[in-house]
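*Asks:* Sequence plus predicted model, see below.
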Amino acid sequence: PPWSRPTLGARVEVPNPSPTPRRPMSGPPARSLRPPSTRAEGRTSVLRKAGSQHGVITRRNLLAAGYSASTITRLVRRGILQRMHRGVYHVGLHPTWKSRLMAAVLAAGPGAVLSHTSAAMAWDLLPQRTRRRVHVTIPPARAVARPGIRIHRTRVDPVDRTTCDRIPITTPARTLAELSSLLPAARLEQALARAARKGLARRPAVQASALRRKDPAGREKLRRLLEQEAGPAFTRSKAESLLLDHLRRAELQAPVTNAHMGHWELDFLWRDARLVVEVDGFRWHASRDAFEQDRLKDQWLESRGYRVLRFTWRQVRDHPLRTVATIARMLAGGE
């Protein structure tokens, strides 16, 4: 009809069509939509952190860098991460011995330090035995259990804490105090002597650390070793240790063990008596080169006024009285 026709030039309002509802986007979660630079920064931070910890990284470090739980699981399945303990991984294959030590400390949680025989091996006070359980000390208020880790719950004062090659660890003095309750006197003496030769621990520091531990038997063992006439003696072989034991039983003047003179290392040295005693084990002195080196050493010493005595392992083991009597006669100025 005429009244329904629009007037010429009038504006006609056309309603907008209702928007079509959008389908929700499918795909990875929002955190994976980070800019490429942010993802690269996360990978760099993880690698930097692992590099400072002997290749070891924790789950908390990975999550903080933006890795999701599913991504961590996928990296473990692909062999990029190797699980060492619950929540602790090694980046790549073939973790080293120090990686195992760091992983044990991280698995034990906040406040943990490497301790006891594991700390002694890290300080090179005991021979390394990589397949043994790792000893870690944690604060007494916490309780942790992890396979392959021997947990000790006791207080470690700040003065007894340090790092060795970036691994949280007890100081050499504290480590020696802990060894006093674990090792027999002979092995403890070797550890003390190694620490002294390396300049790792002084007698007052060891004694002070022992006093901070509730172990009277260990303190007494340390006291006897530290108060010996010549201090703890370092020996390199069973034969040297046996001869040293014979000399102490005979109450002879204490020698300096494995002393350095020129470019030579001497088994036993009495400087005042200008006497040197060498113990020759067949295993180490049977070759022609070793024989000639021994002769060169004797000539060098004798040209400087030192007398040299050589004993075999069998003489030290089977004829201790004869061996000690010979040394005593030489110390008294005899021939």
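*Replies:* Noted; the coordinates are in hand.

*Asks:* who's in contact with stretch 118-136?
*Replies:* 97-98, 100-101, 104-105, 108, 112-117, 148-152, 164-165, 167, 169-170, 172, 175-176, 178-179, 187, 191, 194-195, 198, 200 (Cβ atoms under 8 Å, 6 or more residues apart in numbering). (Glycine included, C-beta is placed from N, CA and C.)

*Asks:* Just the buried ones among the residues you listed, please.
*Replies:* 98, 100-101, 104-105, 108, 112-117, 149-152, 164, 167, 169-170, 172, 175-176, 178-179, 191, 194-195, 200 (16 or more other Cβ atoms under 10 Å).

*Asks:* Just the residues you listed: which are in strands?
*Replies:* V113, L114, I149, R150, I151, H152, C164, I167, I169, T170 (DSSP state E).

*Asks:* Does the nearest residue to A103 once chain neighbours are set aside belong to a helix, a strand or coil?
*Replies:* Excluding the flanking residues, the one nearest A103 by Cβ to Cβ, 6 or more residues apart in numbering is M84, at 4.2 Å. Look at M84: counting by DSSP: H, G, I helix; E, B strand; the rest coil, its state is strand.

*Asks:* M84: neighbour count?
*Replies:* Around M84 sit 22 other residues, with neighbours defined as other Cβ atoms under 10 Å.

*Asks:* Average pLDDT for stretch 116-131, rounded please.
*Replies:* For stretch 116-131, the mean per-residue pLDDT is 91.

*Asks:* Going forward, count from 377.
*Replies:* That works, and once the first residue is 377, the last one we named lands at stretch 492-507.

*Asks:* buried sites along that stretch?
*Replies:* With the criterion 16+ other Cβ under 10 Å, stretch 492-507 contains buried residues H492, T493, S494, A495, A496, M497, A498, W499, L501, L502.

*Asks:* first vs last residue of it, how far apart are they?
*Replies:* One end of stretch 492-507 to the other measures 15 Å (Cα to Cα, to the nearest Å).

*Asks:* what distance separates it from the centre of its chain?
*Replies:* Chain-centre distance of stretch 492-507: 6 Å, with Cα atoms, centre = their mean, to the nearest Å.

*Asks:* List the beta-bridge partners for the nearest residue to V632 once chain neighbours are set aside.
*Replies:* Among residues not flanking V632 along the chain, L645 sits closest, at 4.6 Å (Cβ to Cβ, 6+ apart). For L645, the beta-bridge partners are V632, V652 (DSSP bridges).

*Asks:* Tell me how many other residues surround L645.
*Replies:* 20.

*Asks:* if I look at it, how far off is I703?
*Replies:* 12 Å (Cβ to Cβ, to the nearest Å).

*Asks:* Could you name every residue contacting both of these two?
*Replies:* L651.

*Asks:* Mind checking which of the buried residues of stretch 492-507 are in helices?
*Replies:* Counting by DSSP state H, the buried residues of stretch 492-507 place H492, T493, S494, A495, A496, M497, A498 in helices.

*Asks:* TSV for the residues you listed, including distance to I456?
*Replies:* Formatted as TSV, these follow (distance: Cβ to Cβ, whole Å):
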residue	distance to I456
H492	33
T493	33
S494	28
A495	31
A496	34
M497	29
A498	28
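
*Asks:* Which of those residues sits closest to L601?
*Replies:* A496 (15.2 Å; Cβ to Cβ).

*Asks:* Which residue comes closest to the closest one once chain neighbours are left out?
*Replies:* Counting by Cβ to Cβ, 6+ apart, A496 lies nearest to L502, which is 4.3 Å off, once chain neighbours are set aside.
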